[in-house]
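Trainee: Task: produce atomic coordinates for the following.
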Amino acid sequence: MRYLQILATLIAVAVVGLSGGSSEGQETGATQLWAVDPLAKVFRDARPPAEKPAAPEAIAAGNEYESLQLVLRSNGPLTNLRARVADLPEAVVNFVGFVPVRANTRNTPDAELVRKAPAEFPDPLLPPSLEKLDAASSLPIWITIRVPKDKQPGRYKARLLVEADQRRIEHPFVLRVAEVRLPDKRNLWITNWFSAVGRRFQNFHGVADFGEKHWETLEHYAEMMAAHRQNVVLTPIYNLIDFKAGPNGTLAFDFSRFDRWVRLFQEAGVIGLIEGSHLAGRAGWTAEKFDVRIRVVNEGKVASQTAHPDDPKVENFLSQLMPALEKHLAEKGWLDIYLQHLADEPIRQNAESYRVLAALVKKYAPRIRRVDANHYRELAGALDVWVPQLNYYDQSYDFYRQRQKAGEEVWTYTCLAPTGTYPNRLIDYSLLKVRLLHWLNFRFGATGYLHWGWNQWSIKDPFADVEPPHGRGHLPPGDGWIVYPSEEHVLLSSIRFEAMRDGIEDYELLRLLSGQSPQKAQALAERMIPKMSAPERNVARFRQARRELLAALGKL
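Mentor: Now for the predicted structure:
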């Protein structure tokens, strides 16, 4: 597998443009192990600090995850490395792998980049074993601690142990558990769109669509999502609903596969919300009309077609599908947790086509809520859940607050935009930007977050091509995915995905504090996000705000 090849050549480290808590370096001969704040991206050329830093300490609420990061470097090569944590069974160790970035994210000041490209950037979390670490090459080691809900507050001492053929080295650290407990209920809607059928999924996982191995693989997906607090699942209705020929040229619908999908993600703790996939697409960005995917019955057989929303064939199709879907959802008790996408990112040029489609869905399924990422404000009456791109949310904030007052819901989304000083989850951006996305959601009242790229991997190689082609150029590094495929483990997390989960947990803690003291919670969030386009950049100041948040909720 590609990640093993990367591990054999990686591994090293440098902290760029970030400061934060670190730990006493432990030295055995020419081998050193020291701690670095997990919000710092560590590169291959990282060197140990000249002075002994403070002891590393992870501070966490009960029922949440927290991370630590240490760095290993040796003047001579090390072989057959293995790492584990002693004295803390809740801790899991990974080695941090590197991916090549050819070009930095466009329209971004140098000060907002953790390193100039071309360079290899840390991102995937790999298994904690390595055949060889080259001399004078630094290896970041990631510790993830899942704090049990019932773990008693206090300080817990533990050790990271790294063993190689040449030597054994260890480093102590501390987990400090605060008196507060993170609530089980997940109040921020989180969706990362993912590919779960078709060529990409089949190629990377070696399974046929909807065979038993496919469903087993989806269980791994659901487990990873639930562990990272995703609670909205993009559900490919055209793949899951079996369209059949009914009497007199009508359609019939078999929801068996749809039901199995929903139950799988519900049982894993992901749903949440069922996010029905898009009914339509378009031939080009400025195309005047959307193309609705429909099914028709010809000579007793079901055929696929596309047609514009104002074509009578579209109304004929939706007049059958949407009432059947609404009825089925109501029978299963899922109607209140279902959202339906119509067409992605409507703009001025195709807004009228979007309105026609929205009216048809409302006509034939009046109780189903409609949701879409959108670039255009003039769609009142066509949307129940607005999902503006973050910069548009910023520019039209008063408008979206009015939509909320009208009883509609507003989320935010990022993708290959916005860039510049806005927070986003791109590989060459700081991990603090990733984490603060959800402080921003709390601060400015958005109740959900959407991203299109969870596992939209490059067919070429997700570990070697993190900027696949897009339109006339390439995607920014990491925009298409935040997890990686694995033959042995199905999926691997990334340091960005860990930082994103931390930010979602922070949102819940801020919300908890808001129930006690709205002014205090907002003041903390405002310190970190004075403006949407100007999140805090200093890790030490963020750590102070995080400690104040926990202290306000319970004794540290």
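Trainee: What residues of stretch 364-375 count as buried?
Mentor: 364-365, 368-375 (16 or more other CB atoms under 10 Å). Backbone N, C-alpha and C define where each C-beta goes, glycine included.
Trainee: Of those residues, which is the nearest to residue 57?
Mentor: Proximity of the buried residues of stretch 364-375 to residue 57 was ranked by CB to CB; the top entry is residue 373 with 39.7 Å.
Trainee: Roughly how far does the residue in the chain sticking out farthest from the centre sit from residue 297?
Mentor: The centre of the chain is farthest from one residue, residue 248, which by CA atoms, centre = their mean lies 45.9 Å away. As judged by CB to CB, to the nearest Å, residue 248 and residue 297 stand 9 Å apart.
Trainee: Please apply the same query to residue 237.
Mentor: Taken as CB to CB, the span from residue 237 to residue 297 is 18 Å.
Trainee: neighbouring strands for the longest strand along the chain, and are they parallel or not?
Mentor: Criterion DSSP state E: the longest strand present in the chain is strand 168-181. Sheet pairing for strand 168-181, assigned by DSSP bridges, gives strand 57-62 (parallel), strand 154-163 (antiparallel).
Trainee: picking that back up, in strands, which of the buried residues of stretch 364-375 appear?
Mentor: Using DSSP E, these in strands are 369-374.
Trainee: Sort out which one of those lies nearest residue 281 for me.
Mentor: When those are compared against residue 281 (criterion: CB to CB), the nearest one is residue 372, at 12.2 Å.
Trainee: so who does the closest one touch?
Mentor: Residue 372 sits next to 278, 341-346, 383, 385, 387 when contact means CB atoms under 8 Å, 6 or more residues apart in numbering.
Trainee: Highest neighbour count among the residues you listed?
Mentor: When those are compared by neighbour count (other CB atoms under 10 Å), residue 346 ends up highest, at 27 neighbours.
Trainee: Tell me how far that residue lies from residue 447.
Mentor: In terms of CB to CB, residue 346 sits 21 Å off from residue 447.
Trainee: in the longest strand of the chain, what counts as buried?
Mentor: Applying 16+ other CB under 10 Å to strand 168-181 flags 169, 171-178, 180-181 as buried.
Trainee: would JSON lines of these with distance to residue 396 and pLDDT be doable?
Mentor: JSON lines is the format used below for the buried residues of strand 168-181 (distance: CB to CB, whole Å; pLDDT from 0 to 100):
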{"residue": "169", "distance to residue 396": "54", "pLDDT": "95"}
{"residue": "171", "distance to residue 396": "49", "pLDDT": "95"}
{"residue": "172", "distance to residue 396": "51", "pLDDT": "95"}
{"residue": "173", "distance to residue 396": "45", "pLDDT": "96"}
{"residue": "174", "distance to residue 396": "46", "pLDDT": "97"}
{"residue": "175", "distance to residue 396": "43", "pLDDT": "97"}
{"residue": "176", "distance to residue 396": "42", "pLDDT": "97"}
{"residue": "177", "distance to residue 396": "42", "pLDDT": "97"}
{"residue": "178", "distance to residue 396": "38", "pLDDT": "96"}
{"residue": "180", "distance to residue 396": "35", "pLDDT": "96"}
{"residue": "181", "distance to residue 396": "37", "pLDDT": "96"}
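Trainee: Would you tell me which one of the residues you listed comes nearest to residue 57?
Mentor: For the buried residues of strand 168-181, the nearest to residue 57 is residue 174 (4.5 Å; CB to CB).
Trainee: Chain neighbours aside, what residue packs nearest to the closest one?
Mentor: residue 57 (4.5 Å; CB to CB, 6 or more residues apart in numbering).
Trainee: which residues sit in contact with residue 429?
Mentor: With CB under 8 Å, 6+ apart, residue 429 has these contacts: 105, 108, 112-114, 423.
Trainee: just the strands in the stretch 401-550 of the chain please.
Mentor: Counting by DSSP state E, counting those that start in this stretch, the stretch 401-550 of the chain has strands at residues 409-410, 412-413, 448-451, 469-470, 473-474, 484-486, 490-492.
Trainee: Those: which one's closest to residue 164?
Mentor: Of all the strands of the stretch 401-550 of the chain, strand 490-492 comes closest under CB to CB, at 22.5 Å.
Trainee: Can you name every helix or strand that that closest one contacts?
Mentor: strand 119-126, helix 212-227, strand 484-486 (3 or more CB pairs under 8 Å, 6 or more residues apart in numbering; DSSP states H and E).
Trainee: got the CA positions of the helix or strand just after the longest strand of the chain in PDB?
Mentor: Note on strand 168-181: by DSSP states H and E, the next helix or strand toward the C-terminus is strand 189-192. What follows is strand 189-192, C-alpha atoms only, in PDB (Å, rounded to 0.1, in the frame of the first residue of the first chain):
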ATOM      1  CA  TRP A 189     -24.800  19.300  12.000                       C
ATOM      2  CA  ILE A 190     -21.700  18.000  10.200                       C
ATOM      3  CA  THR A 191     -21.600  16.400   6.800                       C
ATOM      4  CA  ASN A 192     -18.600  15.500   4.700                       C
END
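Trainee: pLDDT on strand 189-192, on average?
Mentor: Computed over strand 189-192, the mean pLDDT rounds to 98.
Trainee: circling back to that earlier point, just give me the closest of the ones in strands among the buried residues of stretch 364-375 to residue 529.
Mentor: residue 373 (21.5 Å).
Trainee: okay, the closest residue to residue 142 other than its chain neighbours: pLDDT?
Mentor: Spatial nearest neighbour of residue 142, excluding adjacent residues (CB to CB, 6+ apart): residue 94 at 4.6 Å. At residue 94, the predicted lDDT confidence score is 98.
Trainee: for residue 94, phi and psi?
Mentor: phi -140, psi 150 (degrees, to the nearest 10).
Trainee: roughly how far apart are it and residue 549?
Mentor: For residue 94, the distance to residue 549 - CB to CB - is 26 Å.
Trainee: Kindly report the same for residue 351.
Mentor: For residue 351, the distance to residue 549 (CB to CB) stands at 41 Å.
Trainee: ok, these two, which is more surrounded?
Mentor: Set side by side, residue 351 and residue 549 show more neighbours around residue 549, with 23 against 18, by other CB under 10 Å.
Trainee: So that one sits against residue 512, correct?
Mentor: No: counting by CB atoms under 8 Å, residue 549 does not reach residue 512; the two are 9.2 Å apart.
Trainee: quick one: pLDDT of residue 4?
Mentor: Residue 4 carries a pLDDT value of 42.
Trainee: What residues are bridge-paired with the nearest residue to residue 87 once chain neighbours are set aside?
Mentor: Excluding its sequence neighbours, the residue lying closest to residue 87 (CB to CB, 6+ apart) is residue 158, at 4.3 Å. Residue 158 forms beta bridges with residue 173, as assigned by DSSP bridges.
Trainee: Let me see the contact set for residue 158.
Mentor: 85-88, 91, 172-175 are the contacts of residue 158 under CB under 8 Å, 6+ apart.
Trainee: ok, now with 7 Å
Mentor: By CB atoms under 7 Å, 6 or more residues apart in numbering, residue 158 lies in contact with 85-88, 91, 173, 175.
Trainee: Return the distance of it relative to residue 140.
Mentor: For residue 158 relative to residue 140 (CB to CB), the value is 18 Å.
Trainee: and if you look at residue 160?
Mentor: From residue 160 across to residue 140, the span is 12 Å (CB to CB).
Trainee: Comparing these two, which residue is more hemmed in?
Mentor: Set residue 160 next to residue 140 and count neighbours by other CB under 10 Å: residue 140 wins out with 30 against 27.
Trainee: Okay then, goodbye and thanks.
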